[in-house]
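**Student:** compute the structure for the input listed below.
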Amino acid sequence: MDNQEETLKFERTTQEQLHYYTMFCKQHPELQRGKRTSTNPQALQMLWSELAETLNALRGPTRTATKWKKTLMHWKNQLRSRARKFKAHAKITGGDHPKLSILKFEYITTDTVPSAAPSPSPVSAPVHDSAPAPSPSKTATSSASSPPILPSPAPSISTSIVSEAPKPTRVLGAVLKKIDANKRREEQVIALQQKILEQNKQLTSALVQMARERRKEQQKVAKQNQQMTRALSQMTRALTATTTVLNQLEEKLNN
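**Tutor:** Numbers count the residues shown, from 1 in each chain. This is a model prediction of the structure:
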């Protein structure tokens, strides 16, 4: 089930992504050494992350570095298995397998690429045994009665694959486009942050102004309260004096 799932996932991978993966492995052979390599695991993880970022920028599906590694390793294992199958067939028949010319790309890829799933390209088409050769007697009779028919040259699958492979400038252009898009997003984020900072400054200044006005009002009210307190004190003293005078007058009248 796992192999079928990886095969279904790989069928969406484009030839452009496979070609860049092959070129990347030629530049970094430590990716195909597996456990035998002495490279730092962190360095290998950085290479896979770099490869995944570029593959996601190309035309085709996007995956994480871990999923790309699993899918591509499955592809390489499939290529090696098919290569061993055709080599064994060649040894049994004592000659070249009729599909060995088509597998030239697979043999090259087997030597230079880590693994993944079977390629959806013409290379991974099912291989059928060649038709049985006619008997010598019939061949001699037909050759005597009709002119020899030259066999048509087999189509060069490797040439078509090479022609379909992406040019370095195309890959570089896709990477540059992604870098430009990231820069534009960063600029938009920076502009938004600056706008938010300006709004925060304006809001802060407004709050400071409101606090100042409130303090002024509080000071004004406090002064008014003090004035009213003084007035009330004076009125209280006047009433007290008046009450005293009235009491004295009342005492005099009573006497």
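**Student:** just checking, residue 17 touches residue 63?
**Tutor:** No - contact criterion C-beta atoms under 8 Å: residue 17 and residue 63 do not qualify, at 9.9 Å. All C-beta atoms are positioned from the backbone trio N, CA, C, and that covers glycine.
**Student:** who has more neighbours, the two?
**Tutor:** residue 17 (24 against 19; other C-beta atoms under 10 Å).
**Student:** so the more buried one: helix, strand or coil?
**Tutor:** Look at residue 17: counting by DSSP: H, G, I helix; E, B strand; the rest coil, its state is helix.
**Student:** list residues touching both of residue 17 and residue 63?
**Tutor:** Listed as contacting both residue 17 and residue 63 by C-beta atoms under 8 Å, 6 or more residues apart in numbering are residue 55.
**Student:** ok, and the closest non-adjacent residue to residue 68?
**Tutor:** residue 52 (4.7 Å; C-beta to C-beta, 6 or more residues apart in numbering).
**Student:** what does the helix or strand containing that neighbour contact?
**Tutor:** If you go by DSSP states H and E, residue 52 is part of helix 41-57. Contacts of helix 41-57 from elsewhere in the structure, counted by C-beta under 8 Å, 6+ apart, are 17, 20-21, 24, 28, 30-31, 37, 62-66, 68-69, 171, 174-175, 177-178.
**Student:** with only the CA atoms kept, save that helix in CSV.
**Tutor:** Extracted in CSV, the C-alpha atoms of helix 41-57 (Å, rounded to 0.1, in the frame of the first residue of the first chain):
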residue,chain,number,x,y,z
PRO,A,41,23.1,15.2,9.0
GLN,A,42,22.3,18.8,9.5
ALA,A,43,24.1,19.7,6.2
LEU,A,44,22.1,17.0,4.4
GLN,A,45,18.9,18.3,5.8
MET,A,46,19.8,21.8,4.6
LEU,A,47,20.5,20.4,1.1
TRP,A,48,17.1,18.6,1.0
SER,A,49,15.4,21.8,2.2
GLU,A,50,17.1,23.8,-0.5
LEU,A,51,16.1,21.2,-3.1
ALA,A,52,12.5,21.2,-1.9
GLU,A,53,12.3,25.0,-2.1
THR,A,54,13.5,25.0,-5.7
LEU,A,55,11.3,22.1,-6.7
ASN,A,56,8.2,23.8,-5.2
ALA,A,57,9.1,26.9,-7.3
